[in-house]
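Asks: Just a sequence and a predicted model for now, questions to come.
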Amino acid sequence: EVQLVESGGGLVHPGGSLRLSCAASGFTFSSYEMNWVRQAPGKGLEWLSYITSRGSPIYYADSVKGRFTVSRDNAKNSLYLQMNSLRAEDTAVYYCARERDCSGGGCSSGNYYGLDVWGQGTTVTVSS
Amino acid sequence: DIVMTQSPLSLPVTPGEPASMSCRSSQSLLHDNNEYNYLDWYVQKPGQSPQLLIYLGSTRASGVPDRFSGSGSGTDFTLKISRVEAEDVGVYYCMQALEAPRTFGPGTKVDIK
């Protein structure tokens, strides 16, 4: 079964740090680019970051640039989100989502298939 | 950054009836090198993670019922449900995938009248 499972969420004080993980299974992780998306309580979806299948380049939303760092370990089928200098407004459910890597060919002419598999999310609460 | 807007923000629907919602982008989502619009539609049903419905503006994702259709080009896009079913309740988001940072619209909440 194709699956993404996030973990590492919890309660952290403002200014603190947390590292989220996203474990992939049921597919060839190294063939997919990955995204982090979050959802604050009662709010909409906010795209945070994208990392290519090989780990570079990486793109970030302005709201987390300089504070959050995305990385991946293809040997461990895992994606990570290191979150530093956390703020109350970072309180949210954090999702990872996969995106097929079309850079090496083998895709249809659009070279894009959307964020087709999402994890169940992990909750981060930033509060004193 | 590309700004995404959606309307309406709330859409009461009647089962069996059609429904339509709009998504607009602050700049064209048509890629320079091909004829595709990099616009996705996602739905988040109550208590669930988001799921992909449509990508490249009009291509249904695997397993998505054909009552869902996406259309539009450039800056104006539409998601239509030909005959709403009770299970279609949720919040529908559009997202531009043309450039980073990717951006989502605020969502259209669909519920049963």
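Replies: Received it, and whenever you're ready, just let me know what you need. Numbers count the residues shown, from 1 in each chain, chains lettered A, B, ... in the order given.
Asks: the strands in the chain, which residues?
Replies: Here I'm looking at chain A. Listed in chain order, the strands of chain A (DSSP state E) span A:3-7, A:10-12, A:18-25, A:32-39, A:45-51, A:58-60, A:68-73, A:78-83, A:92-100, A:115-118, A:122-126.
Asks: let's do chain B instead
Replies: Counting by DSSP E, the strands of chain B are B:4-7, B:10-13, B:19-25, B:39-44, B:51-55, B:59-60, B:68-73, B:76-81, B:90-96, B:103-104, B:108-112.
Asks: Can you check which of these gets nearest to chain A?
Replies: Of all these, strand B:51-55 sits nearest to chain A, with 3.2 Å by Cβ to the nearest Cβ. From N, CA and C alone the C-beta is placed, and that goes for glycine too.
Asks: Mind listing the strands that closest one pairs with, and their directions?
Replies: strand B:39-44 (antiparallel), strand B:59-60 (antiparallel) (DSSP bridges).
Asks: Tell me the residues of chain A that contact chain B?
Replies: Residues of chain A lying close to chain B by Cβ under 8 Å from any Cβ of the partner chain are A:35, A:37, A:44-47, A:50, A:59-62, A:95, A:97, A:109-116, A:118-121.
Asks: and stretch A:54-68, how far apart are its ends?
Replies: 19 Å (Cα to Cα, to the nearest Å).
Asks: surely residue A:118 meets residue A:99?
Replies: No - here residue A:118 does not reach residue A:99: they are 10.7 Å apart, not a contact under Cβ atoms under 8 Å.
Asks: shared neighbours, those two?
Replies: Common neighbours of residue A:118 and residue A:99 are not found (criterion: Cβ atoms under 8 Å, 6 or more residues apart in numbering or on different chains).
Asks: just to revisit the earlier point, make a markdown table from the strands paired with strand B:51-55 and add mean neighbour count and mean pLDDT to it.
Replies: Shown next, in a markdown table, are these (neighbours: other Cβ atoms under 10 Å in any protein chain shown; pLDDT from 0 to 100):
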| stretch | mean neighbour count | mean pLDDT |
| --- | --- | --- |
| strand B:39-44 | 26 | 98 |
| strand B:59-60 | 17 | 98 |
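Asks: Of those strands, which is nearest residue B:88?
Replies: strand B:39-44 (7.7 Å; Cβ to Cβ).
Asks: what about that closest one, distance to the chain center?
Replies: 5 Å (Cα atoms, centre = their mean, to the nearest Å).
Asks: The spatially most central residue of chain A: what's it in contact with?
Replies: Among the residues of chain A, the one closest to the centroid is residue A:36, at 2.5 Å (Cα atoms, centre = their mean). Residue A:36 makes contacts with A:20, A:22, A:47-49, A:68, A:70, A:79, A:81, A:94-97, as judged by Cβ under 8 Å, 6+ apart.
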